[in-house]
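Q: Need coordinates for the following:
(one chain, ligands or ions: 1)
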Amino acid sequence: MNRKYRKTIIAGNWKMNTLPSEVKSLFAAVKASCGRAAWCRMVLCVPYTHIQQAVKATRDCRISVGAQNLHQSPHGAYTGEVSAPMLKDLGVKYVIVGHSERRQYYGETDVSVREKTLAALEAGLRPIVCVGETLQQRDLGVTNELVTLQVATLLAALDSHSVRKVVFAYEPVWAIGTGRTATAEQAQEVCALIRALLRKSFGTVVARSVPILYGGSMNASNAKELLAMGDVDGGLIGGASLKPEEYAEIVRAANQ
Ligand code: PEP
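A: The predicted model follows:
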């Protein structure tokens, strides 16, 4: 982390878990455990069905509500989809784009990720753009090439103003939901690569202002070490974010 230049973000991804009827009590527990935590931004990305209640539950606290996906068009004949202006209208602030589960199960590509990111920015949402390699790609030694392609495809469509609203998340696919975390050095190496790509396209001042998160089995025991790395500006947390006390411990680990 480098709080001189950018805010730390501790974002939870609830995925397709919990019920709308549990939102009120879950947020009450998160609020009670986390307190004000002025050193970081807390974001919880909930299912669409939870958004209205989550926004209501966070009116009196510093937690922002995020969504987990969006459609790239602002409106139209796309049955079952949800657009960026709809999310914005509900009070959503962040949206995850290109999570590896969306890439794997719903055919999302670097090009659709770019379209969705632009749609989010256009509506005034902050996209949390996920990139990262599979185990096979890591074993083949092509992690840097793959992440470079994922990031460069997006950067080509951004300018130095819009890129400042983007949050990147380096999420090695082999570490998501597996309990197998990247080492702090592996996370740092790829986060530093993403920052170098930002620097090459937009210069040092812009590059150092963009938050880059790590995601992949981050929990209360490994968060401190990961967050101590200079280019790891926070976490995108799946499983552990469903346990309010564990999420709060990660938030506390960011206070270093
Ligand atoms: C995620 O879903 O983005 C994630 C990192 O999950 P987990 O923390 O459970 O590995």
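Q: Burial check on the residue in the stretch 1-150 of the chain positioned nearest to the ligand, number of neighbours?
A: Scanning the stretch 1-150 of the chain for proximity to the ligand using CB to the nearest ligand atom identifies residue 13 as nearest, at 4.4 Å. In this view, the C-beta of every residue, glycine as well, is placed from N, C-alpha and C. Residue 13: 26 surrounding residues under other CB atoms under 10 Å.
Q: Check the gap between it and residue 235 for me.
A: 10 Å (CB to CB, to the nearest Å).
Q: Residue 96 belongs to a strand?
A: Yes - assessed with DSSP: H, G, I helix; E, B strand; the rest coil, residue 96 lies in a strand.
Q: Check the spacing between it and residue 57 real quick.
A: For residue 96, the distance to residue 57 equals 19 Å [CB to CB].
Q: For those two, indicate the residue with more neighbours.
A: residue 96 (28 against 21).
Q: got the buried residues for stretch 199-212?
A: Across stretch 199-212, burial judged by 16 or more other CB atoms under 10 Å covers 201-202, 206-207, 210-212.
Q: re the thing from before, these two touch, right, the residue of the stretch 1-150 of the chain closest to the ligand and residue 99?
A: Yes - counting by CB atoms under 8 Å, residue 13 does reach residue 99; the two are 7.3 Å apart.
Q: which residues are in contact with both of these two?
A: Common neighbours of residue 13 and residue 99, using CB atoms under 8 Å, 6 or more residues apart in numbering, are residue 68.
Q: Can you get me a residue count around the residue in the stretch 151-256 of the chain that the ligand sits nearest to?
A: Closest contact between the stretch 151-256 of the chain and the ligand, by CB to the nearest ligand atom, is at residue 238 (2.2 Å). The tally of other residues near residue 238 (other CB under 10 Å) stands at 23.
Q: do the same with the one 4 residues further on
A: By the other CB under 10 Å criterion, the neighbourhood of residue 242 contains 17 residues.
Q: My guess is it contacts residue 18. True?
A: Yes - counting by CB under 8 Å, residue 18 is a contact partner of residue 242 at 6.9 Å.
Q: What residues does this protein have near the ligand?
A: Applying CB under 6 Å from any ligand atom, we find that the chain lies next to the ligand at 13, 99, 171, 176-177, 215-218, 236-240.
Q: Quickly check those residues for the two that are furthest apart.
A: Across the residues of the chain next to the ligand, no pair lies farther apart than 99 and 240, at 16.0 Å, counting by CB to CB.
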